[in-house]
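Asker: Generate coordinates for the sequence data below:
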Amino acid sequence: MDAGRDAGAICARLADCDDGLYCNGAETCAPGDEGAGPDGCVAGTLPCEGDEICNEEEDACERDDCSDGGDADGDGDARPSCGGNDCDDEDGTIHSRGARGL
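Answerer: Residues are numbered from 1 along each chain as shown. Purely as a prediction, here's the structure:
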């Protein structure tokens, strides 16, 4: 909500509803919309898709490296950044059980 608008007032322009956050979408001023709040603002559509995470600092959506379960090479071990212990997630023959090759 725009800091210059009185609390409880109905929005008159888009800027009245903008909270300045990227990750929750661009809010709109549409007092007649059934989804509008008491101030006439309608929540924005989230900008990121299901396999993306939102980076508020960069105003961007980024691929969620753990959306595949963290196991890109299919060896059953997730990479460390996803909570696993696979030290080479591009080689399915290298995994935490120590087996190499087939």
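
Asker: how about the strands in the chain?
Answerer: 28-29, 41-42, 52-55, 60-63 (DSSP state E).

Asker: how far out from the middle of the chain is the first one?
Answerer: Taking CA atoms, centre = their mean, to the nearest Å, one finds the center of strand 28-29 at 22 Å from the center of the full chain.

Asker: related to what we said a few turns ago, of the strands of the chain, flag the one that's most buried.
Answerer: Highest mean neighbour count among the strands of the chain (mean count of other CB atoms under 10 Å): strand 41-42, with a mean of 22. In short, each C-beta sits where N, CA and C put it, glycine included.

Asker: ok, back up a step: nearest to residue 75, of the strands of the chain?
Answerer: strand 60-63 (20.7 Å; CB to CB).

Asker: Turn the strands of the chain into JSON lines, columns for distance to residue 14 and mean pLDDT.
Answerer: What follows is the strands of the chain, written out as JSON lines (distance: least, CB to CB, whole Å; pLDDT from 0 to 100):
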{"stretch": "strand 28-29", "distance to residue 14": "5", "mean pLDDT": "96"}
{"stretch": "strand 41-42", "distance to residue 14": "9", "mean pLDDT": "96"}
{"stretch": "strand 52-55", "distance to residue 14": "21", "mean pLDDT": "88"}
{"stretch": "strand 60-63", "distance to residue 14": "21", "mean pLDDT": "90"}
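
Asker: Dump the ones you listed to TSV, plus distance to residue 75.
Answerer: Putting the strands of the chain into TSV (distance: least, CB to CB, whole Å) gives the following:
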stretch	distance to residue 75
strand 28-29	47
strand 41-42	46
strand 52-55	24
strand 60-63	21
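
Asker: Looking at those, which is nearest to residue 35?
Answerer: That would be strand 41-42 among the strands of the chain, by CB to CB, at 5.1 Å.
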